[in-house]
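K.L.:
Prediction below, plus the sequence it came from.
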Number of protein chains: 2
Amino acid sequence: MAKKYAIGIDIGGTNTKLGVVAADAQVLFRDRFNTPDYKTFDSYVKMLAMRIRGLMEQSEGECVGIGIGAPNGNYYKGTIDNAPNLPFGAGEFPLVANLREEFGLKHIYMTNDANAAALGEKIYGGAKDLEHFITITLGTGLGSGIIIDGKLLYGADGAAGELGHTCAIPNGRLCNCGNRGCLETYASATGIKRTFFELMAEYNGNSLLKDKSWDEIDAFEIEKAAKAGDKIARETYRKTGEILGKSLADFVAFSRPQSIFLFGGPVKSGELLLAPARKALDENLYPIWRGKIKIVPSHLPESDAAIMGSSSLVWAELAEI
Amino acid sequence: MAKKYAIGIDIGGTNTKLGVVAADAQVLFRDRFNTPDYKTFDSYVKMLAMRIRGLMEQSEGECVGIGIGAPNGNYYKGTIDNAPNLPFGAGEFPLVANLREEFGLKHIYMTNDANAAALGEKIYGGAKDLEHFITITLGTGLGSGIIIDGKLLYGADGAAGELGHTCAIPNGRLCNCGNRGCLETYASATGIKRTFFELMAEYNGNSLLKDKSWDEIDAFEIEKAAKAGDKIARETYRKTGEILGKSLADFVAFSRPQSIFLFGGPVKSGELLLAPARKALDENLYPIWRGKIKIVPSHLPESDAAIMGSSSLVWAELAEI
């Protein structure tokens, strides 16, 4: 029997990454190019198709499908809808239809990157045996993928699972979406930096990072300072974990997951973030669930996680057939 | 072909109601008895079985199953788990197993009352054509039933959908569950009364109800006062609707329902509650969903809603087979 593989594509504002992923989770070949070099959707699709063809030519066996994770990627429609970070900007772009035509493959699917991460956890990561879990992706913002009865929750329009835009702090920080107090304004790489500056104001700048500008500081710099004993930096991570954990308690009340997986750069800070998150989760949980819900870092290998997550869209569909 | 019917049972702290429900939503026969008269689970099951048998003897056709809505009713285990309002109190009571043995019927199912209300809306009410919706039941507390892809969300342990215990106001009112700020401490019949007393304090008792005690006032009395022009009573409903609507915006971010159904006594106040809830929902929604999510009163006839909801557990299972 010929070996089967899927192609996973991760479309980001900076890079487009793609790779050939075998059913056993091995990433066989990889490619990437700069997303912003392609100002129109047509030129972008042309380049993407060329790179996909290149991977196919390298690979032995049968390509069973293509999975795509993209900002604002809509599973139902197969379109990228008004993604502010992509160069082709406003509009609904029918990427799945374009690739189906180009490659004559039936199994081409797209969702947003956070959903792809959750599905990757289910197919390749730490959630293989779980039917109910939530993956929270901490990056510039906060993305989420919700698995219920083993399947991604898409909701009525394909965009369910926008937990970064639930309200964590009423009348809190202004969010890019226009609302106030959204969870992602606190629990994300950006949120960590905002909290650090807030605490610098409160504690009068008593930090190792006091000679650094807004532009020089990021969540990783704050993590390093925290690990070097900086109190404001430590308190920044503690507060971030606390706000995140409290919101997670509300998410548990919704879907009662078995575990919550955390994914993304700030999670590498380890217990700095996880310990206060676990504490706040348990303190705020509906009592029948106390001690029963785990917060765990994603088990996906970071470098290939996005490609693996996207490719898992294909494997998940095949498993259902 | 013999006519088919299901038996619906609604177990409440005060009354146990049961009825014979045809597939076309007609409630053919009804019965009820006082729940607190039966202090042990065994005596309760005996009485319940007797009443069920009575209904069966009245009915022509085939009984396809029995559906039960009970406080803390667990769908997966078929047990009533530690329901504080029931006379037999702490413990896990295997009601489904008992009734299966008694009647030799395969299709006997139980869930909590709020889930039964949601399923009733899907099978008999205003959600026949909807695959994604949430039902919020406002009573002594706030119950919720979440329908995703046409099915009830049970989660990992059968107890998903405890939206009454999501946090509406951080460090807010003390809840029966021991946490603070739970939505049901604001958005429920009890919450309305608490808000009324809070506003009496704030506005120095300038209300038509100022000669009434805590024991004499309930959500309905406050509704009547509001409709008579009482400003504190009107503000009570406005504030309740506002807090509810804001929380609903977070629930939409989770599962992206098509509609949200409201059920229970306080919903009969109409626009007093619904107008501010709709306004707050829209103001707090993630922008892509503004104007797209409806809040509607339940379409189930109030007197039979609980029985119909419970019986729909049976029809929902049969539809899947």
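P.N.:
Perfect, I can see it now. Numbering: from 1, shown residues only, chains lettered A, B, ... in the order given.
K.L.:
Quick one: mean pLDDT for the longest helix along chain A?
P.N.:
In terms of residue count, the longest helix belonging to chain A (DSSP state H) is helix A:231-255. When pLDDT is averaged along helix A:231-255, the result is 98.
K.L.:
Over to stretch A:70-83?
P.N.:
Mean per-residue pLDDT for stretch A:70-83: 93.
K.L.:
Residues of chain A that sit close to chain B?
P.N.:
A:131-132, A:146, A:148, A:153-157, A:159-163, A:165-167, A:169-170, A:177-179, A:246, A:249-251, A:253-258, A:284, A:286-289 (C-beta under 8 Å from any C-beta of the partner chain). Bear in mind the C-beta positions are built from the backbone N, C-alpha and C, glycine included.
K.L.:
Go again with 6 Å.
P.N.:
Proximity of chain A to chain B (C-beta under 6 Å from any C-beta of the partner chain) is limited to residues A:132, A:155-157, A:159-160, A:162, A:165-167, A:177-178, A:250, A:253-256, A:258, A:286-287.
K.L.:
Remind me what the helix or strand bottoming out on mean pLDDT in chain A packs against, helices and strands.
P.N.:
None of the helices or strands of chain A scores lower by mean pLDDT, DSSP states H and E than helix A:305-320, at a mean of 89. With contacts taken as 3 or more C-beta pairs under 6 Å, 6 or more residues apart in numbering or on different chains; DSSP states H and E, helix A:305-320 sits against strand A:4-11, strand A:15-22, strand A:62-69, helix A:113-123.
K.L.:
In it, which residues are buried?
P.N.:
Buried residues in helix A:305-320, defined by neighbour count with 16 or more other C-beta atoms under 10 Å in any protein chain shown: A:305-317.
K.L.:
can you list contacts of that helix?
P.N.:
A:6, A:8-10, A:17, A:19, A:21, A:64-65, A:67-69, A:107, A:109, A:116-117, A:119-120, A:123-124 (C-beta atoms under 6 Å, 6 or more residues apart in numbering or on different chains).
K.L.:
Number of residues surrounding the residue nearest to A:Arg290 when sequence neighbours are not counted?
P.N.:
Among residues not flanking A:Arg290 along the chain, A:Asp282 sits closest, at 5.5 Å (C-beta to C-beta, 6 or more residues apart in numbering or on different chains). Neighbours of A:Asp282 under the rule other C-beta atoms under 10 Å in any protein chain shown: 17.
K.L.:
Tell me what angle the strand or helix carrying A:Asp282 forms with helix A:231-255.
P.N.:
Using DSSP states H and E, A:Asp282 sits in helix A:271-284. Between helix A:271-284 and helix A:231-255, the angle comes out at 40 degrees (axes from the mean of the first three to the mean of the last three C-alpha atoms, to 10 degrees).
K.L.:
okay, helix A:271-284 in CSV with CA atoms only?
P.N.:
Extracted in CSV, the C-alpha atoms of helix A:271-284 (Å, rounded to 0.1, in the frame of the first residue of the first chain):
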residue,chain,number,x,y,z
GLU,A,271,5.2,27.6,36.5
LEU,A,272,5.6,31.4,36.4
LEU,A,273,2.3,31.4,34.5
LEU,A,274,0.9,28.0,35.1
ALA,A,275,1.0,28.0,38.9
PRO,A,276,-1.2,31.1,39.4
ALA,A,277,-3.4,30.0,36.5
ARG,A,278,-4.1,26.6,38.2
LYS,A,279,-4.7,28.3,41.5
ALA,A,280,-7.2,30.8,40.1
LEU,A,281,-8.9,28.1,38.0
ASP,A,282,-9.5,26.0,41.1
GLU,A,283,-10.6,28.9,43.3
ASN,A,284,-13.1,30.1,40.8
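K.L.:
Does anything pack onto that helix? Which helices or strands?
P.N.:
Using 3+ C-beta pairs under 6 Å, 6+ apart: helix A:271-284 touches helix A:231-255.
K.L.:
in the helix it packs on, what's buried?
P.N.:
So, applying 16+ other C-beta under 10 Å, buried residues of helix A:231-255: A:232-255.
K.L.:
ok, of the residues of chain A next to chain B, which come out buried?
P.N.:
Among the residues of chain A next to chain B, those scoring as buried are A:132, A:155-157, A:159-160, A:162, A:165-167, A:177, A:250, A:253-256, A:258, A:286 (criterion: 16+ other C-beta under 10 Å).
K.L.:
tell me the domain boundaries of chain A?
P.N.:
The record's domain parsing of chain A by automatic domain parsing lists A:4-121+A:303-320, A:129-298.
K.L.:
any idea which of the ones you listed scores lowest on pLDDT?
P.N.:
Ranked by mean pLDDT, the domains of chain A end with domain A:4-121+A:303-320 in last place, scoring a mean of 94.
K.L.:
I'd like the distance from it to the chain centre, please.
P.N.:
Its chain's C-alpha centre and that of domain A:4-121+A:303-320 lie 15 Å apart, by C-alpha atoms, centre = their mean, to the nearest Å.
K.L.:
right, so of the domains of chain A, which gets closest to B:Pro36?
P.N.:
B:Pro36 lies closest, by C-beta to C-beta, to one member of the domains of chain A: domain A:129-298, at 24.0 Å.
K.L.:
And that closest one, end to end?
P.N.:
14 Å (C-alpha to C-alpha, to the nearest Å).
K.L.:
Report the distance from that domain to the chain centre.
P.N.:
With C-alpha atoms, centre = their mean, you get 12 Å for domain A:129-298.
K.L.:
By proximity to chain B, which residue of the stretch 201-321 of chain A wins?
P.N.:
A:Arg256 (2.8 Å; C-beta to the nearest C-beta).
K.L.:
which residues touch that residue?
P.N.:
Per C-beta under 6 Å, 6+ apart, neighbours of A:Arg256: B:155-157, B:159-160.
K.L.:
go with 10 Å
P.N.:
With contacts defined as C-beta atoms under 10 Å, 6 or more residues apart in numbering or on different chains, the neighbours of A:Arg256 are A:132, A:148, A:286, A:288-289, A:292-293, B:153-162.
K.L.:
Excluding sequence neighbours, find me the nearest residue to it.
P.N.:
Nearest one to A:Arg256, counting by C-beta to C-beta, 6+ apart, is B:Gly155 at 2.8 Å.
K.L.:
Secondary structure of that neighbour: a helix, I assume?
P.N.:
No. Counting by DSSP: H, G, I helix; E, B strand; the rest coil, B:Gly155 is not found in a helix; it is coil.
K.L.:
do you know how far it is from A:Gly73?
P.N.:
Going from B:Gly155 to A:Gly73 by C-beta to C-beta, to the nearest Å gives 26 Å.
K.L.:
Ok, A:Arg173 next?
P.N.:
27 Å.
K.L.:
Compare the two (neighbour count), which wins?
P.N.:
A:Gly73 (30 against 18).
K.L.:
quick one, what contacts the more buried one?
P.N.:
A:9, A:11, A:79-81, A:83, A:93, A:95-96, A:109-116, A:158-159, A:310, A:313.
K.L.:
Helix or strand for the residue lying closest to A:Lys268 once chain neighbours are set aside, just tell me which one.
P.N.:
Spatially, and ignoring its direct neighbours in sequence, A:Lys268 is nearest to A:Glu223 (7.5 Å; C-beta to C-beta, 6+ apart). Taking DSSP H and E as the definition, A:Glu223 sits inside helix A:219-227.
K.L.:
try A:Ala83
P.N.:
Per DSSP H and E: nothing holds A:Ala83, as it lies in no helix or strand.
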